[in-house]
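Trainee: Generate a structure from the sequence data that follows.
(chains A, B and C)
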Amino acid sequence: MATVTLDNVRKAFGKTQVIHGVDLDIADGEFIVIVGPSGCGKSTLLRMVAGLESVTEGEIRIDGARVNEAEPMDRDIAMVFQNYALYPHMSVFDNMAYGLKIAGTPKDEIARRVATAAGMLQLEPYLKRRPRELSGGQRQRVAMGRAIVRKPAVFLFDEPLSNLDAKLRVQMRLEIKTLQRELGVTSLYVTHDQVEAMTLADRMVVMNAGRADQIGRPLDVYSNPKTEFVAGFIGSPPTNFLDAARLGRRAKGARLGIRPEHVRIVPEAETDLGGTVAYAEPLGAETLIHLRTLDGQAITVRQDGAHPIPEEGATCGIAWEPRDEMHFAESGQRV
Amino acid sequence: MTDRDPLAAEVAPKRGTGRPARPLPDGMVERRGAGLWLTHLGLIVGVAFIFFPIWLAFVASTVEQQAIVRPPMPLLPGDQLWENYSRALISGINAPVALMLANSAVMALGIALGKIVISLLSAFAIVYFRFPGRRVFFWLIFLTLMLPVEVRIVPTYEVVANFGMLNSYSGLILPLIASATATFLFRQFFMTVPDELAEAARVDGARPMRFFFDILLPMSRTNMAALFVILFIYGWNQYLWPLLITTDPSMNTIVMGIRQMFPSGDDIANWPVIMATSILAMIPPVVVVIGMQRLFIRGLVESEK
Amino acid sequence: MEKRVTFKGIWLPLLLVAPQIVITAVFFFYPAGQAVWQSLFIPDPFGLSMQYVGLDNFRFLFDDPFYRASFVTTAVFSILVTAVSMGVALYLAVLADRLIKGSGTYRTLLIWPYAVAPAVAGVLWLFMFNTRVGVVTWYLGLLGYDWNHVLNDGEAMGLVVVASAWGRISYNFLFFLAGLQAIPRSVIEAAAIDGARFWTRFRTIVFPLLSPTTFFLLVVNIVYAFFETFGVIHTITSGGPQQATTILVYKVYSDGFVGQDLGSSAAQSVVLLVLVSILTIIQFRYIERRVHY
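Mentor: Here you go, the predicted model:
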């Protein structure tokens, strides 16, 4: 059990800066998800915490102690890799036991710990198998098991679910969450999937081009994004952005953001804003309607599946409550 | 050392030699009836062409000298097998063949194992470490791929002579492991090992050599075995190099020793003993090739994997 | 091509590469450098000192009719060995590929001459064609043909070519068979449905798809004929009669060790170096680019 602190952490490869100063305080037992598009530096940040990348500037502390120079094994962490990184020539048991063997843990203690972890992960029948004889989900569990047996202070997850199919991903997501609650181990989890981030995180870090744009509880981040990037990245379908100047009213900032669920289709007479229906996607519980405004901007409306669906090509009016508007400056910052 | 490095060809990129596709059962292109038999006949003729010289050698090794010097020699084995082989093994002509077999075995094993060991170590270093001189070292490896052994026969002989390694096992072995082709192949293999395995091992607390022995070596087993076959045969079949540096018959290897058994001048060669020796010279490499056929073919044909 | 992950340390990796560095430096780079160096000198008549002569060794070499003849001999020999061994191997591989059952058995029967040393192959063929006791010689005599490769240039060349090609068939067969089996059956079946008969299918579909393998083998076999056939020639003809089978590698040996002409031998080594470098570069570059599906 431990706290993790990142203090103005920077990383440069040669002259290229990839992490531009990240500050983060992780409380004991907290589940933090770092989310962002590929190339935003989220994996690099995680690997710096793991000790697999050096820290160019700033400080990383685990339980208050500086670990910048410590080897991965001395940091009391365990890591789950995207492709699982199971040792192909070792059995499931040996894969889980390898770290303990190196640490010189007594044999019976190793057996006990592996058995406990295998029990938690329903891996008992597979302990003698090789990784290639397992399904994707089972391999994922072995990778988890390998992390659990070490009883580390911090779990690090590097996109652990991205190699699984959609259905399995949802199931493993639940399992990871349950396990983490049960064990109460501080966790740092990297993903590009915002649904994973929203569902797993106690707090999430939205990364953009080497910066942490926003750190907060998922629902707070969703309802109150600090930057245009966060507003656009978190939420599906994404936030609509309209050119504030072209709207010609309430021109605060450069762009106006409005989430699809906050836009309503109304009779044309009731509003000064309207457009043509490009196409509609009925998904059952809800319907997504893609419109094009008269001056050519795209807007997506998300409405209840029971509402009438306008015809393609029809013109209609749109409206929203002013309190749902988000205004962004040219820099992308929220005004 | 006329033999060019056996791995030089393996190092080059190969295309179109991938894993064989599984043939469809009863595909419409398959031959039936007479066509099938013609196919078999063609192959049997080919096999006969391959086997005939070896069969003749075997027959010659089982008959008396008299049966050979009065042609035509018989085409079926005689009853002198035991006599000819024991004569060859125990006394030979210049040196007992048993001794030459032992020399060949030491040389072939020395070359195969020596090259595999030094190549594994240096490939591990250049793939998994950043150290001063690494770039230079890497280019030196490429140079050894380019420069064939032929270029250095005479000077290498001088080096070996200066070290007093003529007529010694180290003189037979060391110059032939002095190239980096195997290093290059192991490097290519190590590059395909996922980065995450090394990272996982680091997180698990493995130091470099522990990772090397616990993870990398077991994963390289197939490659090592295939290389072993190729290098063993390369070493066993060496001819010019042992011919140059082993003047003492007791250091002769069997492949070069056969030629030494031919008499100079007009004397008639002792064909049964020479042919028995030839058969003995073939047995170890053939056993290695047939016994490790799968690994060997994979190593040869698919060494880019 | 760089690993993302590396271990720390400087002394450990240096220690790991040390054995290879030392062995390669002493037995490879130093002698190779010596060869280049020596090709610029000739020893004085007493063998006491070396005199710098610039490129004279090379000039003498190319003025030497025997050396020029050796070039031609090498070319003829390599082309014949390559053509015979690849032709026979392709023929056998095409046959084996047509079998659904049993191609593995034939493969096992055909691979093991790979293990036979060129020098041993030479002895086997010498025995068959020996002028006094050879079985084939004797039967040829019955047919009225007087075989004597000790005196006849053409027969000597023919014998070393067949003996060299014989041991090489296995290697080529393995590659051709793998190449053929990698061609999707559906392509050949589609051609069959289009009405192409076997020979047309082979000419228009199979052979073009096999071209990467063929080209690879072409280069490898030429290299083999250049450098690895010393044992065959030394056991069967010793380069004779009248140097009719003296290929370049054999000449390096006979001039350097038998003739003790170090300057010329070194210059010949350098010429070989240039040749093999060209072949290696072709192997690496050309194969990658031109020949593909």
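
Trainee: just for the stretch 201-305 of chain B, where's the confidence low?
Mentor: Applying pLDDT under 70 to the stretch 201-305 of chain B flags the ranges B:265-266, B:299-305.

Trainee: residues in it within reach of chain C, list them.
Mentor: B:202, B:208-209, B:211, B:233, B:236-240, B:243-244, B:255-256, B:258-259, B:268, B:271, B:274-275, B:278, B:281-282, B:285-286, B:288-290, B:293, B:297, B:300-302 (C-beta under 8 Å from any C-beta of the partner chain). Using the backbone N, CA and C atoms, a C-beta is placed for each residue, glycine as well.

Trainee: Just the buried ones from these?
Mentor: In these, burial by neighbour count holds for B:202, B:208, B:211, B:233, B:236-240, B:243-244, B:255-256, B:258-259, B:271, B:274-275, B:278, B:281-282, B:285-286, B:288-289, B:293, B:297, B:300-302, counting by 16 or more other C-beta atoms under 10 Å in any protein chain shown.

Trainee: Among those residues, which are located in helices?
Mentor: Using DSSP state H, B:202, B:208, B:211, B:233, B:236, B:240, B:243-244, B:255-256, B:258-259, B:271, B:274-275, B:278, B:281-282, B:285-286, B:288-289, B:293, B:297, B:300-301 are the members of these that sit in helices.

Trainee: Okay, now the unreliable bits of the stretch 101-250 of chain A?
Mentor: Applying pLDDT under 70 to the stretch 101-250 of chain A picks out residues A:248-250.

Trainee: Which residue ranges of it form strands?
Mentor: Taking DSSP state E, counting those that start in this stretch as the criterion, the stretch 101-250 of chain A contains strands spanning A:154-158, A:186-191, A:203-208, A:211-216, A:240-243.

Trainee: Same list (those strands) but as TSV, adding mean neighbour count.
Mentor: Putting those into TSV (neighbours: other C-beta atoms under 10 Å in any protein chain shown) gives the following:
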stretch	mean neighbour count
strand A:154-158	25
strand A:186-191	26
strand A:203-208	24
strand A:211-216	20
strand A:240-243	19
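
Trainee: any chance of these in TSV, with distance to chain B too?
Mentor: As requested, these are exported to TSV (distance: least, C-beta to the nearest C-beta, whole Å):
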stretch	distance to chain B
strand A:154-158	8
strand A:186-191	13
strand A:203-208	21
strand A:211-216	24
strand A:240-243	38
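
Trainee: Compare these and give me the one nearest C:Trp125.
Mentor: Ranking the strands of the stretch 101-250 of chain A by proximity to C:Trp125 (C-beta to C-beta) places strand A:154-158 first, at 62.3 Å.

Trainee: Mind listing the strands the closest one pairs with, and their directions?
Mentor: Its sheet considered, strand A:154-158 pairs with strand A:77-80 (parallel), strand A:186-191 (parallel) by DSSP bridges.

Trainee: mind checking how far stretch C:201-211 is from the chain centre?
Mentor: Here stretch C:201-211 is found 25 Å from its chain centre; the criterion is C-alpha atoms, centre = their mean, to the nearest Å.

Trainee: same check, this time on stretch C:63-76
Mentor: With C-alpha atoms, centre = their mean, you get 17 Å for stretch C:63-76.

Trainee: Then stretch B:179-197?
Mentor: The mean C-alpha position of stretch B:179-197 is separated from the chain mean by 21 Å, C-alpha atoms, centre = their mean.

Trainee: Would you mind extracting the C-alpha trace of that stretch into PDB?
Mentor: Taking Å, rounded to 0.1, in the frame of the first residue of the first chain, the C-alpha atoms of stretch B:179-197 are listed here in PDB:
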ATOM      1  CA  SER B 179      33.300 -14.600 -38.200                       C
ATOM      2  CA  ALA B 180      30.200 -13.000 -37.100                       C
ATOM      3  CA  THR B 181      27.500 -14.600 -39.300                       C
ATOM      4  CA  ALA B 182      26.000 -16.500 -36.300                       C
ATOM      5  CA  THR B 183      26.100 -13.300 -34.300                       C
ATOM      6  CA  PHE B 184      24.100 -11.700 -37.000                       C
ATOM      7  CA  LEU B 185      21.500 -14.500 -37.100                       C
ATOM      8  CA  PHE B 186      21.100 -14.400 -33.300                       C
ATOM      9  CA  ARG B 187      20.800 -10.700 -33.400                       C
ATOM     10  CA  GLN B 188      18.000 -11.000 -35.900                       C
ATOM     11  CA  PHE B 189      16.300 -13.500 -33.700                       C
ATOM     12  CA  PHE B 190      16.700 -11.400 -30.500                       C
ATOM     13  CA  MET B 191      15.200  -8.400 -32.300                       C
ATOM     14  CA  THR B 192      12.000 -10.400 -32.800                       C
ATOM     15  CA  VAL B 193      11.800 -11.200 -29.000                       C
ATOM     16  CA  PRO B 194       9.200  -8.700 -27.700                       C
ATOM     17  CA  ASP B 195      10.600  -5.800 -25.700                       C
ATOM     18  CA  GLU B 196       8.000  -6.500 -23.000                       C
ATOM     19  CA  LEU B 197       9.600  -9.800 -22.100                       C
END
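
Trainee: do it and chain C meet?
Mentor: Yes - counting by C-beta under 8 Å from any C-beta, chain C is contacted by stretch B:179-197 at B:Ser179, B:Ala180, B:Thr183, B:Phe190, B:Met191, B:Asp195.
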